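>>> missing the sequence, but the structure's below:
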């Protein structure tokens, strides 16, 4: 039996809101895309266990997920990679092209492989393994909804290795011209996978100042999050220029 919030049955009104609707609208609106019903159901239970989330619906492939996104506002999508009809990589690309404010988190069996990497390059804000706990899933949803990325340090190293293999040397002067000197320093720290707290300690800044610089860097370079800062820097040979 499909989960009651499967795309075919999803029915969440997005028009005029009552007081109760307004309270619900403050919750993070989540959708799940996975071709395995057992996974969809298990993850749905985890999502619904948290009061600050609203499970909008589930989908069995990327095509159904896009239909769901067109019918309802989604904040975060938990996206499987290997699905029939339309896989998670192409679904992520199309989803973010149509709904740039939505964030995609990849659901994967493996820590990092070429498919996960391709999904991140398509715009995903990180990934979770399918054996993640309810608390880990909840923390990841909140993180990407808040504008952060979800990527473990060892995965960052693997991601850098993937990108560095295809990196094209570039003149960093022109590419970094839009950034202030301090923003460039922060950027180079982000490339190492440093957290905001680590950047603050290394550059003797406050946490709020680092957050301000990160937001400015993302805006100026037109990047979604910290993971894509890493990709951008290595693709353009920026990371190697910091030595």
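Ah, there it is. Quantities reported herein were computed from a predicted structural model and do not represent experimental measurements. Numbering: from 1, shown residues only.
>>> okay, now residue 136: neighbour count?
14 (other Cβ atoms under 10 Å). In this view, the C-beta of every residue, glycine as well, is placed from N, C-alpha and C.
>>> ok, the one 5 residues further on next?
A count of nearby residues for residue 141, using other Cβ under 10 Å, gives 25.
>>> is it true that residue 53 touches residue 32?
No: applying Cβ atoms under 8 Å as the test, residue 53 and residue 32 come out as separate, 11.1 Å apart.
>>> who's more crowded, the two?
A count of neighbours by other Cβ under 10 Å puts residue 32 above the other of residue 53 and residue 32, at 29 against 21.
>>> I'd say the more buried one and residue 59 touch.
Yes: using Cβ under 8 Å, residue 32 is in contact with residue 59, at 7.2 Å.
>>> residue 218 in helix, strand or coil?
helix (DSSP: H, G, I helix; E, B strand; the rest coil).
>>> quick one, what contacts it?
Under the criterion of Cβ atoms under 8 Å, 6 or more residues apart in numbering, the neighbours of residue 218 are 147, 224-225, 229.
>>> among the residues you listed, which two are most distant?
147 and 229 (12.1 Å; Cβ to Cβ).
>>> who has more neighbours out of the two?
Higher neighbour count among residue 147 and residue 229: residue 229, with 21 against 15, using other Cβ under 10 Å.
>>> what's the helix or strand for that one?
helix 226-235 (DSSP states H and E).
>>> what is that helix packed up against?
Here helix 226-235 touches helix 114-121, helix 153-165, helix 181-191, helix 207-221, going by 3 or more Cβ pairs under 8 Å, 6 or more residues apart in numbering; DSSP states H and E.
>>> after the helix-or-strand element of the chain with minimal mean pLDDT, next one along is what?
Every helix and strand in the chain was compared by mean pLDDT, DSSP states H and E; the lowest is helix 19-25, with a mean of 53. Per DSSP H and E, the first helix or strand lying C-terminal to helix 19-25 is strand 28-33.
>>> so where is this protein shaky, pLDDT-wise?
1-25, 110-113, 151-172, 239-243 (pLDDT under 70).
>>> what residue is smack in the middle of it?
residue 125 (1.8 Å; Cα atoms, centre = their mean).
>>> so the spatially closest residue to it that is not a sequence neighbour versus residue 37, what's the distance?
Leaving aside its sequence neighbours, residue 125 sits nearest to residue 144 (Cβ to Cβ, 6 or more residues apart in numbering; 4.2 Å). According to Cβ to Cβ, to the nearest Å, residue 144 and residue 37 sit 25 Å apart.
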